[in-house]
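Undergrad: Compute the structure for the input listed below.
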Amino acid sequence: GNVVVGGAGKTPTTIAICDLLREKLHTPHVVASGYGGYIKNVVRVDSAMHAYLQVGDEALLLANAAPTWIGKNKVYACRAAISAGASVIIMDDGLQNNAVAKTLKILVIDSMQGFGNGKLIPAGPLRETVEAGSRNADVALIIGEKNEVIENRIRSVNGNKEIYHARTEATELASEDEKNVIGFCGLGYPEKFKATLEQSGYRVMDFIAFRDHHAYTITEIQRLIATAKRAGGRLVTTWKDYVKIPSVFKNDIKAINVKLIIEEDEFGQVIMKALGSSRLI
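TA: Numbering: from 1, shown residues only. You can find the predicted model right below:
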């Protein structure tokens, strides 16, 4: 989880942890919030059957990485995952949820976003104070450039807090014939997607940011396509946004898959050590 309302990188972190666990012969399942979807009962997300209006955009993205469950009651969702064969459960956005006891709590922070103005909602982006979130978490994972200000803030609460680092990169680097792009997305911190495009070799001719979890209208998509045609660039977005694009327009838009690269091997060792001292009930 994180201490800001969105954009820290929880979902890419969840997917990276699922990959790590499968390498260690675990069967990871994800329990997600299903934010933006109208289904509130416990259900396993099926990307072939469910629409984002039912289960939310992030849950659809996660379901392509691991069996994913949503539901208002997270205890029931975890029990369903265990019954379906999960050897370990990753809660995406579960740091502030006290209904389920955690083996390991990971605080995810984006170094570009930081903690905003440092104020709680509605004056700022914080769900809880940085100190409370740091105290609650077992380890911290900072995504992006190393930031001593953030690390010192975390360690001011607990000088022994383990801090790890990661970076995001596009799985498909820019090709010569598709280097010029017009990017758009609806993320908690859209500037991060723009930065990832630029770092992956794309020339971002224009960039349009929408609010997090934005539901695109036909008119908005038509305007984006027209903008791309005028500029002579390829229209690109994230997979989280792509699942919300009407099928008739999907050929006009390229989805860029972004993956998280965790820089320290010790991060995986911490997870495996924590799991070695616990068991599912």
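
Undergrad: Now do the same contact list for the residue nearest to T11 when sequence neighbours are not counted.
TA: Counting by CB to CB, 6 or more residues apart in numbering, the nearest residue to T11 once its immediate chain neighbours are dropped is E58, at 5.3 Å. Any C-beta I mention is one placed from the backbone N, CA and C, and that applies to glycine too. Shown in contact with E58 (CB atoms under 8 Å, 6 or more residues apart in numbering): 11, 32-33, 35-36, 92, 240.

Undergrad: Also V139?
TA: Taking CB under 8 Å, 6+ apart as the criterion, V139 is in contact with 104-107, 161-164, 267, 270.

Undergrad: ok, the residue lying closest to G9 once chain neighbours are set aside to D177 distance?
TA: Nearest non-adjacent residue to G9, counting by CB to CB, 6+ apart: I143, 4.4 Å away. Distance from I143 to D177, counting by CB to CB, to the nearest Å: 30 Å.

Undergrad: Who has more neighbours out of those two?
TA: For I143 versus D177, the count of surrounding residues by other CB atoms under 10 Å is larger for I143: 24 against 7.

Undergrad: which residues touch the more buried one?
TA: I143 sits next to 8-9, 12-13, 108-111, 165-168, 260 when contact means CB under 8 Å, 6+ apart.

Undergrad: hey, what's it bridged with?
TA: On the basis of DSSP bridges, I143 is bridged to D110, A166.

Undergrad: now I262
TA: A166.

Undergrad: about what we covered before: if any of the contacts of V139 are buried, put those into a ChimeraX selection.
TA: Applying 16 or more other CB atoms under 10 Å to the contacts of V139, the buried members can be selected in ChimeraX as follows:
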select :104,105,106,107,161,163,164,267,270
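
Undergrad: Least confident of the contacts of V139?
TA: Within the set of the contacts of V139, pLDDT is lowest for K161 (87).

Undergrad: Can you dump the C-alpha atoms of stretch 22-40 in CSV for me?
TA: Below are the C-alpha coordinates for stretch 22-40, written out as CSV (Å, rounded to 0.1, in the frame of the first residue of the first chain):
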residue,chain,number,x,y,z
ARG,A,22,6.1,-17.9,-8.9
GLU,A,23,9.8,-18.2,-9.5
LYS,A,24,9.9,-19.6,-5.9
LEU,A,25,7.2,-22.1,-6.8
HIS,A,26,4.5,-20.3,-4.9
THR,A,27,0.9,-19.9,-6.1
PRO,A,28,0.1,-16.2,-5.5
HIS,A,29,-3.4,-14.8,-5.6
VAL,A,30,-4.2,-11.1,-5.4
VAL,A,31,-7.0,-9.5,-3.3
ALA,A,32,-7.8,-6.1,-4.7
SER,A,33,-10.2,-3.3,-3.9
GLY,A,34,-12.1,-3.4,-7.2
TYR,A,35,-12.2,0.4,-7.1
GLY,A,36,-14.5,1.9,-9.7
GLY,A,37,-16.6,-1.4,-10.1
TYR,A,38,-20.1,-1.9,-9.0
ILE,A,39,-19.6,-5.6,-7.9
LYS,A,40,-19.3,-5.6,-4.1
